[in-house]
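Colleague: next come a sequence and a model predicted from it.
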Amino acid sequence: MTAHGIVNTPSATDTTWPGGVFKALVALIAVCALSFAFRPGPSVLDRLVVDDAYYCFTVSRNIARGAGVTIDGSTLTNGFQPLFVFLTVPLFALAGRHSFLAIRLVLVLECAFFLGTAFLLGQIVRDFIARDGQPARRLIPWLTALLYVSARLVFLQHLNGLETGCLMFLYAATWRYYQASLRDTHRHYLALGFLLGILVLARIDAVFFVIILCVQQVLWRRGELRLRERAVWFLEMSSASFLVSCPWWAYNVLAFHALMPSSGRAEEAWAITWARWKTIVVGLERVLVPWLYLSETGSDFTFGTVIRSLLLLVLFTIGIRLRRRFAAPLWRFTFGSPERRRTAEFAFCLAASVIVLALWYVLSSWATHYYTRYLTPMALVAVFLVACAWAELGRIIPRYVTVGASALLVVPIMATLISWRVNTAFKGNPWLLQQVGMVTSHVPSGAVVAAGQSGFLGYFRSNVVNLDGKVNPEALAYQSRMWEYLSKVDARWLCDFPTYVQAYLGDHPEQHGWRLVEADDDFVLYNREDAGADR
């Protein structure tokens, strides 16, 4: 290491072999990710893509068909993150009536975001710790990319069919612009504000990050400038970001009389509970150690949490013991140049915004199963920190680093193989085999079917009414008396999880005129007794 705290690899030859291995491994995982889009037949629906993604798919398809921003061709909706939905509209237009092809195209787009994010993060780490002319500049981007794409949590979140991958890519792109291109000019700060506005359109809770980044321009950054000058940068950034995202806010207020989309209002429930705090802590652990993630199962919540906690404890202990050794290089890395300072600023603001998000959701949202996805942007900071530390380690033992990085491939490759053989290893997609199967078997084609979990069903069938309110704001007012809403919309069939049916119709649905038609492992189908024409 030089006097300036820069990684100093002895020669280009020393980086050739591990660099080639890193490239090959990144390419292998990229092929694994892309392969999900080309699985045969209905198996493309299995795993990865979550049920809520089909709400977005249905809205995108309706826009592509000229049916407007609707969930069923007539019901106006705002229960989605706008940027990703509108980005996928051309894909649904291209796919036409081929529902499976549209999903394949979406997965290809998400793979592009996945690899693009890895590339941008590699450039960020390279310019943070290596100088021009150093052989390490050729190695570090591939090391960082490998760390990113081999993190199973990142892998799964990028390919979940939702806006998560798009959001991660935009965070990385904004970070790269903030690091390498930002200058103290009006044009550059307006451009940064534009990127921040795009971030908000990708996911509206990014507004916390936008606020923190803008405020730090006044309170922290460039102390050598007068307050008035710093206030100008703040106003330009915040105004530009607001103007870019303003159409979405205006749409929500004018059409639905609320800033928050119905998807957020459907999950809103302010409370302080132990279950929420426990889940949010596990979520933070997952995004801080995204390589050690099993799945949304009990084993990850127990065994996985123990392993991640021990690892974080070990790293924290090492950091305390070696704090003096790390302090000087860290100080030089962070403040050695404007580019490095800005890199550290962005990482700090991103981490701070995720902590704020954690507090927001743990207090306001009952949807604990989504907490990990909400906090996923923290994985960018985690990969950044690990890549910087690993690059320094690679200066001493590059071959051992290569062996360690290769070991990271075990999990994503196994995940790919398991998902490819999903029909053998699992029962297959329960929404396709059970929910859609039940409805197809018993419900006439023109009849109205209702469901709380209606994303998958609504994508593959017309005349589906959403009951949980995520994409149907009207249903939010009837959550405690859903039988009235079902009668209002003339929905005489209800197919959902038993817990949802119980929440909507009570312990005795027959009291409201509903009878059980069929029950399977996960879903039940009910019919309203006065629906003689439909039975």
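Modeller: Structure received.
Colleague: hang on, Ala477 in a helix?
Modeller: Yes. With the criterion set as DSSP: H, G, I helix; E, B strand; the rest coil, the secondary structure at Ala477 is a helix.
Colleague: quick one: low-confidence ranges for the protein?
Modeller: Across the chain, residues meeting the criterion (pLDDT under 70) sit at 1-18, 131-135, 221-225, 296-298, 322-336, 393-428, 530-535.
Colleague: okay, which residue is most central for it?
Modeller: With the centre of the chain defined as its mean C-alpha position, the nearest residue by C-alpha atoms, centre = their mean is Thr164, 2.4 Å away.
Colleague: ok, that residue to Arg492 distance?
Modeller: With distances defined as C-beta to C-beta, to the nearest Å, the gap from Thr164 to Arg492 amounts to 37 Å. From N, CA and C alone the C-beta is placed, and that goes for glycine too.
Colleague: and Gly304, by the same measure?
Modeller: Going from Gly304 to Arg492 by C-beta to C-beta gives 44 Å.
Colleague: for those two, indicate the residue with more neighbours.
Modeller: Neighbour totals were compared for Gly304 and Arg492, and Arg492 leads with 25 against 20 (other C-beta atoms under 10 Å).
Colleague: that one against Pro444, yeah?
Modeller: No. Arg492 is not in contact with Pro444 according to C-beta atoms under 8 Å; the separation is 9.8 Å.
Colleague: from the contact counts, what lies against the helix or strand hosting Arg308?
Modeller: Following DSSP states H and E, one finds Arg308 within helix 305-321. When contacts are defined as 3 or more C-beta pairs under 8 Å, 6 or more residues apart in numbering; DSSP states H and E, helix 305-321 sits against helix 274-288.
Colleague: now the helix it packs on - C-alpha only, CSV.
Modeller: These are the backbone C-alpha positions of helix 274-288, laid out as CSV (Å, rounded to 0.1, in the frame of the first residue of the first chain):
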residue,chain,number,x,y,z
TRP,A,274,-42.2,-7.5,18.9
ALA,A,275,-42.8,-9.6,15.8
ARG,A,276,-42.2,-6.6,13.6
TRP,A,277,-39.0,-5.5,15.3
LYS,A,278,-37.7,-9.1,15.2
THR,A,279,-38.4,-9.3,11.5
ILE,A,280,-36.9,-6.0,10.6
VAL,A,281,-33.6,-6.9,12.5
VAL,A,282,-33.5,-10.1,10.5
GLY,A,283,-34.1,-8.2,7.3
LEU,A,284,-31.2,-5.8,8.1
GLU,A,285,-28.9,-8.8,8.8
ARG,A,286,-29.9,-10.3,5.4
VAL,A,287,-29.1,-7.2,3.4
LEU,A,288,-25.8,-6.7,5.3
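Colleague: quick one: the strands in the stretch 301-450 of the chain?
Modeller: Under the criterion DSSP state E, counting those that start in this stretch, the stretch 301-450 of the chain contains strands at 449-451.
Colleague: neighbours of Leu182, how many?
Modeller: Residue crowding around Leu182 was assessed by other C-beta under 10 Å; the count is 17.
Colleague: what's the local residue count around the nearest residue to it once chain neighbours are set aside?
Modeller: Take Leu182 and drop its neighbours on the chain: the residue closest to it by C-beta to C-beta, 6 or more residues apart in numbering is His188, 5.4 Å away. If you count neighbours by other C-beta under 10 Å, His188 ends up with 16.
Colleague: spell out the secondary structure type for His188.
Modeller: From three-state DSSP, the assignment for His188 is helix.
Colleague: that one is in contact with Tyr178, isn't it?
Modeller: No. In this structure, His188 sits apart from Tyr178 without contact. The criterion is C-beta under 8 Å, and the distance is 9.8 Å.
Colleague: how about the helices in the stretch 201-350 of the chain?
Modeller: Listed from the start of the chain, the stretch 201-350 of the chain has helices (DSSP state H, counting those that start in this stretch) covering 207-219, 227-256, 262-266, 274-288, 298-299, 305-321, 323-335, 338-364.
Colleague: among the ones you listed, which is nearest Cys111?
Modeller: helix 274-288 (20.8 Å; C-beta to C-beta).
Colleague: now for that closest one, which elements pack on it?
Modeller: On the basis of 3+ C-beta pairs under 8 Å, 6+ apart, helix 274-288 makes packing contacts with helix 305-321, helix 338-364, helix 371-374, helix 378-394.
Colleague: how far does it sit from the chain's center?
Modeller: Here helix 274-288 is found 16 Å from its chain centre; the criterion is C-alpha atoms, centre = their mean, to the nearest Å.
Colleague: repeat that for stretch 516-535.
Modeller: The answer for stretch 516-535 is 35 Å, by C-alpha atoms, centre = their mean.
Colleague: what about the strands in the stretch 51-200 of the chain?
Modeller: With DSSP E, counting those that start in this stretch as the criterion, the stretch 51-200 of the chain has no strands whatsoever.
Colleague: ok so, going back, could the helices and strands packed on helix 274-288 go into TSV alongside distance to Phe114 and mean neighbour count?
Modeller: Output for the helices and strands packed on helix 274-288, formatted as TSV (distance: least, C-beta to C-beta, whole Å; neighbours: other C-beta atoms under 10 Å):
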stretch	distance to Phe114	mean neighbour count
helix 305-321	23	12
helix 338-364	19	18
helix 371-374	15	22
helix 378-394	12	21
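Colleague: between these, which one is closest to Ala102.
Modeller: For these, the distance to Ala102 is smallest for helix 371-374, at 22.2 Å, taking C-beta to C-beta.
Colleague: tell me what that closest one is packed against?
Modeller: helix 274-288, helix 338-364.
Colleague: tabulate those (JSON lines), appending distance to Arg126.
Modeller: As requested, these are exported to JSON lines (distance: least, C-beta to C-beta, whole Å):
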{"stretch": "helix 274-288", "distance to Arg126": "22"}
{"stretch": "helix 338-364", "distance to Arg126": "11"}
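Colleague: the nearest residue to Val436 once chain neighbours are set aside: neighbour count?
Modeller: Take Val436 and drop its neighbours on the chain: the residue closest to it by C-beta to C-beta, 6+ apart is Phe460, 5.6 Å away. Neighbour count of Phe460, defined by other C-beta under 10 Å: 17.
Colleague: equivalent analysis for the one 10 residues further on, please.
Modeller: Neighbourhood size, Lys470 [other C-beta under 10 Å]: 27.
Colleague: what of Cys246?
Modeller: Cys246 is surrounded by 12 other residues when neighbours are defined as other C-beta under 10 Å.
Colleague: residues contacting Tyr374?
Modeller: For Tyr374, the contacting residues are Asp205, Gly283, Leu357, Ala358, Tyr361, by C-beta atoms under 8 Å, 6 or more residues apart in numbering.
Colleague: to Leu105, which of the helices and strands packed on helix 371-374 lies closest?
Modeller: Nearest to Leu105 among the helices and strands packed on helix 371-374 is helix 274-288; the distance by C-beta to C-beta comes to 28.1 Å.
Colleague: wait, which of the helices of the stretch 201-350 of the chain is closest to Leu48?
Modeller: Distances from Leu48 to each of those were compared by C-beta to C-beta, and the smallest falls on helix 274-288, at 16.9 Å.
Colleague: in that closest one, what counts as buried?
Modeller: The neighbour-count check on helix 274-288 (16 or more other C-beta atoms under 10 Å) flags Arg276, Thr279, Ile280, Val282, Gly283, Leu284, Glu285, Arg286, Val287, Leu288 as buried.
Colleague: distance check, the third one against Ser299.
Modeller: Summarising the geometry, the distance separating Ile280 from Ser299, computed by C-beta to C-beta, is 19 Å.
Colleague: cool, the fifth one as well?
Modeller: Gly283 sits 16 Å away from Ser299, taking C-beta to C-beta as the criterion.
Colleague: on that earlier part again, and Gln157, which of the helices and strands packed on helix 274-288 is closest to it?
Modeller: Among the helices and strands packed on helix 274-288, the nearest to Gln157 by C-beta to C-beta is helix 371-374 (6.1 Å).
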